[in-house]
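Student: One predicted model, sequence on top.
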Amino acid sequence: MHKAVILAAGRGTRMKSLTDDLPKPMLPLKGRPILDYLTDRLRGAGFTEFGVVIGYRAAVVEEHFAGRPEIHFVRQEVIDGTARAALLCR
């Protein structure tokens, strides 16, 4: 089993109004969230399990991926950097 960690907790402040209602990884690209494309590519590379660190608007991500047992969510309650986010999936 190959596991991947996806850091998706940040707000995406440089995206301005695009991320008022959606977290950055859920922004649509050709009608699908960017995070869909990322998980598809990782599957294609042989990864079978995903740990996704979520924070800002976490429920949006959880609802979209509900029912997919290969995706495990970890909430980063305090957004305090990517190193801390990676440690959460340990």
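Tutor: Perfect, thanks for sending it.

Student: Over to the residue nearest to Cys89 when sequence neighbours are not counted. Which of the three states is it?
Tutor: Closest residue to Cys89 apart from its sequence neighbours, by C-beta to C-beta, 6 or more residues apart in numbering: Gly51 at 4.0 Å. In short, each C-beta sits where N, CA and C put it, glycine included. Under the three-state scheme (DSSP: H, G, I helix; E, B strand; the rest coil), Gly51 adopts strand.

Student: Over to Arg11?
Tutor: Note that with three-state DSSP, the state of Arg11 is coil.

Student: and Tyr88, how far is that from Val78?
Tutor: If you look again at residue 88, you'll see it is Leu, not Tyr. Separation of Leu88 from Val78 (C-beta to C-beta, to the nearest Å): 11 Å.

Student: right, I mislabeled it, should have said Val60
Tutor: 19 Å.

Student: and if you look at Ile6?
Tutor: Using C-beta to C-beta, Ile6 is found at 19 Å from Val78.

Student: who has more neighbours, these two?
Tutor: Ile6 (20 against 8; other C-beta atoms under 10 Å).

Student: is it fair to say the more buried one lies in a strand?
Tutor: Yes: counting by three-state DSSP, Ile6 is part of a strand.
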